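[1] structure for the following, please:
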Amino acid sequence: MTTKKTAAEKTTAEKPAKKAATKKAAPAGKAAAEPATAEAAPARKTAAKKAAAKKTAPAKKATPTKATPTKTSATKTSTATKTSAAKKATAAKKATAKKASAKKSPAPKPPGFAKRESRAAMVKRAHAINEVLAETYPYAHPELDFEDPFQLLVATVLSAQTTDLRVNQTTPALFAKYPTPEDMAAAVPEELEELIRPTGFFRAKARSLLGLSAALRDDFDGEVPATVDALVKLPGVGRKTAFVVLGNAFGVPGITVDTHFGRLARRWKWTTSEDPVKVESDVAAIFEPSEWTMLSHRVIFHGRRICHSRRPACGACPVAPLCPSYGEGETDPEKAKKLLKYEKGGMPGQRLKPPADFPGPPAPPLGG
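    The predicted model follows:
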């Protein structure tokens, strides 16, 4: 007998069928899914590799990219530092060179001086210098106090290695005790030495004084000879001393080459020699004999007052426009004025009894 299934039964029956269909379809779905997954795996791996490669590549690229700017920056900094140091070193060298150049470079020559000159031009310049000196020192004179040729001879011998001032301070007592060659020739050596001690080298000078006094007494009747040949035969008397005596005691022209005269003659390019005899000969060839004695006084005056050995007062020198050696000393006028000596510096001269026309005050006596 056929019975009608109820709706509930139909529903219950359909459910297993649907489950079975689902189960049957499931393997197919799985199968369909599995191939898709299998095909996707390589793609995923490739994508992963690409992603890894992308990540790696920037990292690899980043390393040199980052390092390169760092190195470049460091290199630039290092180069800049080196360049800066090099510039500083160069600047320092230039500064040093400028200083050295400033020290070595002579001071600019005043107008009117020619660096290279002929013999005729040098002679002309020398005469111009003498004219300037004559205007500057119209009162130039021997700076030793004396009253006769014998006193001048003795004073000149004593002036070696000392100043005329010290000699002038010493001779009053000396001449008071030994006024003539005969008196001095008979002097007790120790007593004579004590009197001339302030002039230095007193033992050697005492021997010279005793010797020349005896020679004057024995060979020249107590009189000082008036020739160079006779004078230089006396003990302690050379050409310089002889010309001092001849020019100032007898009016015989002569060139007195002492340390001042020789120094200035070389500075003015009148001579290049250090030998006093050669200096005398070179200067004598430039000037007439009538100028020799006064030229000597003027040059010596100038050497003692302005053109000093160590610090010439170039800035206060009337001869500056004619001097080839301008700039060896102080060129600033105000500073140069402070270097002037004796009457040029407002101080006493070297003589205790200066001539009437001497512009400065007389020197004080020994101990004064």
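
[2] point me to the helix or strand that includes residue 208.
    helix 202-219 (DSSP states H and E).

[3] which residue sits closest to residue 152, ignoring its sequence neighbours?
    Nearest non-adjacent residue to residue 152, counting by Cβ to Cβ, 6 or more residues apart in numbering: residue 146, 3.9 Å away. Just so you know, the C-beta spots here come from the backbone N, C-alpha and C atoms, and that holds for glycine as well.

[4] counting neighbours, what do you get for residue 345?
    For residue 345, the neighbour count with other Cβ atoms under 10 Å is 15.

[5] with residue 341 instead?
    Residues within reach of residue 341, counting by other Cβ under 10 Å, total 15.

[6] distance check, it against residue 358.
    Noted for residue 341: a distance of 15 Å to residue 358, by Cβ to Cβ, to the nearest Å.

[7] next one: residue 351
    Residue 351 sits 7 Å away from residue 358, taking Cβ to Cβ as the criterion.

[8] on that earlier part again, quick check: the residue nearest to residue 152 touching residue 155?
    Yes: applying Cβ atoms under 8 Å, one finds residue 146 in contact with residue 155, separated by 5.6 Å.

[9] pull up the overlap in contacts between these two.
    Counting by Cβ atoms under 8 Å, 6 or more residues apart in numbering, the shared contacts of residue 146 and residue 155 are residue 171.

[10] more neighbours: which of those two?
    Legend: neighbour count by other Cβ under 10 Å for residue 146 and residue 155, higher for residue 155 (25 against 21).

[11] state the mean pLDDT of the helix or strand that one falls within.
    Element membership for residue 155, per DSSP H and E: helix 149-158. Model confidence over helix 149-158 averages 98 on the pLDDT scale.

[12] need the residues that contact it.
    Contacts to helix 149-158, defined as Cβ under 8 Å, 6+ apart, come from residues 142, 144-146, 167-168, 170-171, 174-175, 180-181, 184, 196, 199, 205, 208-209, 212, 216, 223-224, 234, 236-237, 241, 244-245, 248-250.

[13] that one to helix 202-219, inter-axis angle?
    Put simply, helix 149-158 runs at 150 degrees to helix 202-219, going by axes from the mean of the first three to the mean of the last three Cα atoms, to 10 degrees.

[14] now the angle from whichever helix or strand comes after helix 149-158 to helix 202-219?
    Next helix or strand after helix 149-158 toward the C-terminus (DSSP H and E): helix 164-177. On the basis of the same axes, to 10 degrees, helix 164-177 is oriented at 50 degrees to helix 202-219.

[15] for helix 164-177, name the packing helices and strands.
    Using 3 or more Cβ pairs under 8 Å, 6 or more residues apart in numbering; DSSP states H and E as the contact test, the elements touching helix 164-177 are helix 149-158, helix 189-196.

[16] distance check, the residue nearest to residue 152 against residue 351.
    10 Å.

[17] neighbours of residue 363, how many?
    Applying other Cβ under 10 Å, we find 24 other residues in the vicinity of residue 363.

[18] what does residue 148 give?
    Residue 148: 12 surrounding residues under other Cβ under 10 Å.

[19] try residue 210
    Neighbours around residue 210, by other Cβ under 10 Å: 20.

[20] could you do residue 261 as well?
    By the criterion of other Cβ under 10 Å, residue 261 has 25 neighbours.

[21] one step back: just the buried members of the contacts of helix 149-158?
    142, 144-146, 167-168, 170-171, 174-175, 181, 184, 196, 199, 205, 208-209, 212, 216, 224, 234, 236-237, 241, 244-245, 248-249 (16 or more other Cβ atoms under 10 Å).
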